[in-house]
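Trainee: Build the 3D model from these lines:
(chains A and B)
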Amino acid sequence: MKLLILDTNIFVRVILGLKFYEKLLSLVALGKVRILIHTVIFAEAFSVLLKAKENELFGKVDKERISLSPQVVEEVLEDFKKRIVELKVDVVVVGKKEVEEIIEKVKDVCISAFDALTLVVADKIKPDLIVTDDKLFKNRALEKGYRVCSEEELYEKLKSLGL
Amino acid sequence: MSLGGYEKKMGYEVEEKLVNNSLVRVLKFPEYSKEEMEEARERLRRLSPHVEKVIQESKSKYE
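Mentor: Got it, this is the predicted structure:
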């Protein structure tokens, strides 16, 4: 079993079940891969889904006001949660301790606070791979010895992990 | 497992779990039927083109 941390955009695409991720999803179904995120990625992915829902219903995201009714927001959240359960995703809770470690990580790796938090979680759970579509995050984390890859490199890396 | 008032503030239940030999706190979700999960998957799949628009817009904002 290999443990993967997925960055927000990658995670959302996996949740949607895009064709590119069918192989990854079959590895998840076989129990050969386990997906892990943290609560801030969870919240960010939810916000992407809500903006997408606004786009679907109203054509564009209204920058001035929220267009979605509380009921639609709740429906999107429920669908998101059902998919997380279906894929057996672990959502690690970010607590005070992890937040306190962000500044040191930013100082060390010179990345965004969001990405630094992902590395703080990675320090704790030691994933086999972090997948991101953010080049700066990828390159700087690689420099610090983290196992990180881009979306394009995913299957090549999984192969190197014996999958 | 209850972890004080934390889960109440978050609105979610939290449980402790061993992941890669490390004890972490993870969100605990309700159980759903296979049909409920399939329907959710289909509804989310229909959002795909809109999700890509949102992701691309968000990327262009920072580039």
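
Trainee: Any part of the host helix or strand of residue B:56 near chain A?
Mentor: For residue B:56, the host element (DSSP states H and E) is helix B:48-62. Yes. Judged by Cβ under 8 Å from any Cβ of the partner chain, helix B:48-62 and chain A are in contact via B:48, B:50, B:51, B:53, B:54, B:55, B:57, B:58. To be clear about C-beta, it is placed using only N, CA and C from the backbone, and glycine gets the same treatment.

Trainee: Any of those buried? List them.
Mentor: The neighbour-count test (16 or more other Cβ atoms under 10 Å in any protein chain shown) applied to those identifies B:48, B:50, B:51, B:53, B:54, B:55 as buried.

Trainee: Kindly check the end-to-end length of stretch A:100-116 for me.
Mentor: The straight-line separation of the ends of stretch A:100-116 (Cα to Cα, to the nearest Å) is 11 Å.

Trainee: Just the mean pLDDT for that stretch, thanks.
Mentor: Stretch A:100-116 carries an average pLDDT of 96.

Trainee: Now do the buried residues in it.
Mentor: A:101, A:102, A:105, A:106, A:109, A:111, A:114, A:115, A:116.

Trainee: Turn those into a markdown table, including secondary structure and distance to residue A:162.
Mentor: Below are these laid out as a markdown table (DSSP: H, G, I helix; E, B strand; the rest coil; distance: Cβ to Cβ, whole Å):
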| residue | secondary structure | distance to residue A:162 |
| --- | --- | --- |
| A:101 | helix | 31 |
| A:102 | helix | 33 |
| A:105 | helix | 29 |
| A:106 | helix | 34 |
| A:109 | helix | 28 |
| A:111 | coil | 29 |
| A:114 | helix | 31 |
| A:115 | helix | 27 |
| A:116 | helix | 30 |
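
Trainee: before we move on, the earlier item: so what touches the helix holding residue B:56?
Mentor: Applying Cβ atoms under 8 Å, 6 or more residues apart in numbering or on different chains, the external contacts of helix B:48-62 come out as A:9, A:12-13, A:16, A:18, A:48-49, A:51-53, A:55-56, A:61.

Trainee: Buried subset of those residues, written for PyMOL?
Mentor: A single PyMOL command selects the buried members of these (16+ other Cβ under 10 Å):
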select buried, chain A and resi 9+12+13+16+18+48+49+51+52+53+55+61
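
Trainee: No more questions from me, cheers.
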